[in-house]
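Visitor: Give the three-dimensional model of this entry:
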Amino acid sequence: MKYRAEIDGLRALAVLPVILFHAGFELFGGGFVGVDVFFVISGYLITSIIISEMGRDNFSLINFYERRARRILPALFFVMLVSIPFAWFWLTPGDLKDFGQSLIAVATFSSNILFWIESGYFATASELKPLLHTWSLAVEEQYYILFPLFLMIFWNLPKKYLLLLLALIFLLSLSLAQWFAFSRPSANFYLLPTRGWELLIGVFLAFYLQKNQYIKSPLINQTLSLLGFAMIVYSIAIYDKNTPFPSLYALVPTIGTALLILTAVPQTLIHKILSARIIVGIGLISYSAYLWHQPILAFARHRLLGEISEIVLLLLCLSSLIMAYISWRWVEKPFRDKQTISRKTVFSFSLAGILFFCIFGASLHINKGFPDRIGFTEKLINSFDMPKDENCFQVPYNHINEEWGCYLGVSKNELDYIVFGDSHASSLRYVIDSVAKSQNISVFFTGTSACPPFLGIYPSSKKELQEKNNCYELNKRVADFAVRESVKGIILSARWSFYTEYEYKRSHMKFISSSKYGPFNKKNSISAFEEGFNKTLNFYINNNIPVHLFSQPPHQIYPPRSSYLKILQDNELLNLLSVPRKKFHDMEKNYESVFKERLSDFNYYDLKDKFCNKEVCSMGNLHESYYFDDDHLSIIGANKLYETIDQIFNY
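Guide: Just a heads-up that it's a prediction; the model follows:
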């Protein structure tokens, strides 16, 4: 296959936005589409080689997998090996245990399945997982296990029928992606069935260019190559984490990539740009750059804690390119040389690497991340525990299904209280159950993530998610249930600032609206918050149901597990790493101003009194953490509210 410098340039166009996206630069909010560009390139290049060899009747699966092993495994294993000591010294036991699982999954090309299973509301933040990015390698390798076998089976069909069969698979995969983008977004993002169509775009290109020459018209090539380039740049600049992906939206960067492969021929402006020496150079090391960037960024975030300056982030991105050159020059290139390294050596190396990472990863998992290596006591580890949902929380809303929450305390005919809220309410479940049992109280507990317990509120969720976890209908159902049961009171708990204020200058906020269709923006969210609160409070007052409302626990700045790695080395860091009281108070201003206008109409419990002194709101003591992440209370932290809940039940 003839070398095309512009394809390497296209790889650079793919990898740089991915790196800058993962670094957190807002200008590259859609940088994740670089992976989709890679999928199209891969589908084109690999298929071109396969069908060329099949056309000459000399295709061999052994040769194919040897090429894949030479291309993928040496650099991948090198990055994994270098990551191990940083993980050992810088990760908490829980994170190291998870890292061990990822080593096994990466080595067996199933990391996309692992990260799909792990994805969830309380999962470790994606930016802290050193090997998260390997999901895309797993998708590709799963595809390349199946695709050559598929071609071998159907190769003797007339080509039009073969292409028709591939087109059918393409349409099924794309349709599934469009459906799953809203109904099962995590599975949609990580799994092969909803990503396969992107690789198939490259497959169709390979079949077309095998039998056809490039377009002759300079004007058409110039126009379509500019259009393709613009489509990729548009998706990088305009898309963000809220874009349903992959879905029909993914057609923009993938079709743009296809246009570039087809029309970015010599004499076009885009060809000159993509074949520039520095761009091609980055493209040549793009695979290693992709491998290095996520571990470097993730370990830096574990070590440095909190916000990292843009200068440091840029330096980290640059270091990933430096490491990429090193691994390309001294790892990738030597292994591709068949004269230097034989097939037997490649397969032996591959098998040895897979076995090593599986065994080592299993050891990390079985030994629970070796807590003794960093002085984490069992008491401290247990203090990071989060309450389990156990069919009590985030049960998909259903008008027929009566299991939309659970009963706490004692079982009796008369219901005493309802506890309702978002994930902050979920953190209180165990302590409420304990207090209720001690007082012979019956409590109904329900709620769902990112759903403020206010009547008439719609969160900015996709249509399918609004229907599944229907916050608007759930609020109505709770209100009707409270009146029907004549409860003694309702306890509301939520992450109030999530709906009214960005977090410590980070763009993390759940917009809400009093209208199903928005608009969803900060100004309207604050207005809807006030409207929803007053509507809710008036409803319960009019029905003689006392409202007990918790403020949110002090939102910490740094993740507690990583913080305690440092605190155990220097006890004075406990106060330094805990959030200053004033800093958290500033975050509360929007929602507190709404609550304080109606303080005479409900019972308000300010949790700062439980966690803060005059200067700081502590994340824990020297032996235990009050949090399992930066804003959700652990079981230990929630127990600090025992007396307050006891007071409510004696109201």
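Visitor: Per the annotation, how does the protein divide into domains?
Guide: 5-374, 406-555+581-618+633-649 (automatic domain parsing).
Visitor: So what does the residue nearest to the spatial centre of the chain have for phi and psi?
Guide: Within the chain, one residue has its C-alpha closest to the average C-alpha position: by Cα atoms, centre = their mean, that is S126, at 4.7 Å. For S126, the backbone dihedrals are phi -60, psi -30 (criterion: degrees, to the nearest 10).
Visitor: what do you get for G375?
Guide: Taking degrees, to the nearest 10 as the convention, G375 sits at phi 80, psi 20.
Visitor: wait, doesn't it sit right on N571?
Guide: No. In terms of Cβ atoms under 8 Å, G375 does not count as a neighbour of N571; the distance is 12.0 Å. For glycine as for every other residue, the C-beta is placed from the backbone atoms N, C-alpha and C.
Visitor: Mean pLDDT for the domains of the chain - can I get that in JSON lines?
Guide: Compiled in JSON lines, those are given as follows (pLDDT from 0 to 100):
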{"stretch": "domain 5-374", "mean pLDDT": "94"}
{"stretch": "domain 406-555+581-618+633-649", "mean pLDDT": "91"}
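Visitor: Out of these, which gets nearest to K566?
Guide: Comparing the domains of the chain by their distance to K566 (Cβ to Cβ), the top pick is domain 5-374, with 7.7 Å.
Visitor: can you give me the end-to-end distance of the closest one?
Guide: 49 Å (Cα to Cα, to the nearest Å).
Visitor: So which elements touch the lengthiest helix in the chain?
Guide: Ranked by residue count, the top helix of the chain under DSSP state H comes out as helix 61-90. Other elements packing on helix 61-90 under the criterion 3 or more Cβ pairs under 8 Å, 6 or more residues apart in numbering; DSSP states H and E are helix 93-107, helix 135-154, helix 286-304, helix 310-327, helix 333-336, helix 343-366.
Visitor: Out of those, flag the one nearest E473.
Guide: Among the helices and strands packed on helix 61-90, the nearest to E473 by Cβ to Cβ is helix 135-154 (34.2 Å).
Visitor: Would you mind getting the angle between the closest one and helix 286-304?
Guide: With axes from the mean of the first three to the mean of the last three Cα atoms, to 10 degrees as the basis, helix 135-154 and helix 286-304 are set at 150 degrees to each other.
Visitor: thinking again about what came up before, can you list the domains of the chain in CSV and add distance to D385?
Guide: Shown next, in CSV, are the domains of the chain (distance: least, Cβ to Cβ, whole Å):
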stretch, distance to D385
domain 5-374, 10
domain 406-555+581-618+633-649, 5
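Visitor: Nearest approach to R561 belongs to which of those?
Guide: The stretch from the domains of the chain with the least distance to R561 (Cβ to Cβ) is domain 5-374; that distance is 4.0 Å.
Visitor: Show me where the stretch 351-500 of the chain has its helices.
Guide: Secondary structure of the stretch 351-500 of the chain (DSSP state H, counting those that start in this stretch): helices at 378-383, 423-426, 429-438, 463-468, 471-485.
Visitor: so of the ones you listed, which one's packed in deepest?
Guide: Using mean count of other Cβ atoms under 10 Å, the stretch among the helices of the stretch 351-500 of the chain with the largest mean neighbour count is helix 423-426, at a mean of 25.
Visitor: Which neighbouring elements make contact with that helix?
Guide: For helix 423-426, the helices and strands in contact under the criterion 3+ Cβ pairs under 8 Å, 6+ apart are strand 442-447, strand 489-493.
Visitor: Alpha carbons of that helix, as PDB, please.
Guide: Written as PDB, here are the backbone C-alpha positions of helix 423-426 (Å, rounded to 0.1, in the frame of the first residue of the first chain):
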ATOM      1  CA  SER A 423     -27.600  11.500  46.000                       C
ATOM      2  CA  HIS A 424     -27.000  13.500  49.100                       C
ATOM      3  CA  ALA A 425     -30.100  12.000  50.600                       C
ATOM      4  CA  SER A 426     -28.800   8.600  49.700                       C
END
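Visitor: Make 601 the starting number, not 1.
Guide: Right, with 601 as the first residue, what we last looked at is helix 1023-1026.
Visitor: about what we covered before: now for the helices and strands packed on helix 661-690, which one comes closest to F993?
Guide: Among the helices and strands packed on helix 661-690, the nearest to F993 by Cβ to Cβ is helix 693-707 (21.2 Å).
Visitor: in that closest one, what counts as buried?
Guide: Buried residues in helix 693-707, defined by neighbour count with 16 or more other Cβ atoms under 10 Å: 693-707.
Visitor: any chance of the helices and strands packed on helix 1023-1026 in JSON lines, plus mean neighbour count and distance to N1134?
Guide: Shown next, in JSON lines, are those (neighbours: other Cβ atoms under 10 Å; distance: least, Cβ to Cβ, whole Å):
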{"stretch": "strand 1042-1047", "mean neighbour count": "24", "distance to N1134": "21"}
{"stretch": "strand 1089-1093", "mean neighbour count": "24", "distance to N1134": "13"}
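Visitor: Reformat the ones you listed as JSON lines; add distance to V615.
Guide: Formatted as JSON lines, those follow (distance: least, Cβ to Cβ, whole Å):
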{"stretch": "strand 1042-1047", "distance to V615": "41"}
{"stretch": "strand 1089-1093", "distance to V615": "44"}
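Visitor: what about those strands, which gets the closest to F782?
Guide: Using Cβ to Cβ, the nearest of the helices and strands packed on helix 1023-1026 to F782 is strand 1042-1047, at 22.2 Å.
Visitor: How about residues contacting the closest one?
Guide: Taking contacts as Cβ atoms under 8 Å, 6 or more residues apart in numbering, the residues outside strand 1042-1047 that touch it are 992-995, 1004-1012, 1014-1023, 1025-1026, 1029, 1032-1033, 1036, 1053, 1074, 1078, 1081, 1085.
Visitor: quick one: that strand to strand 1089-1093, angle?
Guide: The directions of strand 1042-1047 and strand 1089-1093 differ by 30 degrees, with the same axes, to 10 degrees as the criterion.
Visitor: Understood, closing this out.
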